[in-house]
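> sequence below, structure please.
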Amino acid sequence: MPSQLQQIQDRLRAYQGGIVHLHAVGERNKVLDAYGVLEGVYPEVFVILVQEEAQKRRYCYAYREVLTRRVEIRLVLDMHKAIG
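The predicted structure is shown next:
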């Protein structure tokens, strides 16, 4: 039976290349709420590319952060519905 972390990784691998909604609680409870592309799924981490105004930023998170709910990710099927 796959572990919970393996299940999270498998689910994210299915989302790879898709647009996702990212909600993350960082240091000092700073919240990131953004849309981006799930760029890569690796053995220990995953990477999301977010366009912020005039620049692009990559955010890297460990699967345990999803498990502990510090990071939440939803696949966005229709960007227009998600924004409006």
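
> where does the closest residue to Gln9 other than its chain neighbours fall, phi/psi-wise?
Across the structure, with CB to CB, 6 or more residues apart in numbering as the measure, the residue nearest Gln9 apart from its sequence neighbours is Tyr63 (5.6 Å). (C-beta placed from N, C-alpha, C; glycine too.) Tyr63 has phi and psi values of phi -60, psi -30 when expressed as degrees, to the nearest 10.

> against Arg28, how distant is Tyr63?
The gap separating Tyr63 from Arg28 is 23 Å, by CB to CB, to the nearest Å.

> equivalent analysis for Gln55, please.
Distance of Gln55 to Arg28, computed by CB to CB: 22 Å.

> over to Tyr61?
When distance is defined by CB to CB, Tyr61 is 17 Å away from Arg28.

> what helix or strand is His21 located in?
Secondary structure from DSSP states H and E places His21 in strand 19-25.

> which residues touch that strand?
With CB atoms under 8 Å, 6 or more residues apart in numbering as the test, strand 19-25 has contacts from 31-38, 48, 50, 59, 61, 65, 70-76, 79, 82.

> what ranges do the helices span in the protein?
Per DSSP state H, the chain carries helices over the ranges 4-15, 63-67, 79-83.

> and the angle from the first one to strand 19-25?
The one in question is helix 4-15. An angle of 140 degrees separates the directions of helix 4-15 and strand 19-25 when computed by axes from the mean of the first three to the mean of the last three CA atoms, to 10 degrees.

> helices or strands next to helix 4-15 in the packing?
Using 3 or more CB pairs under 8 Å, 6 or more residues apart in numbering; DSSP states H and E as the contact criterion, the neighbours of helix 4-15 among helices and strands are strand 31-41, helix 63-67, strand 71-75.
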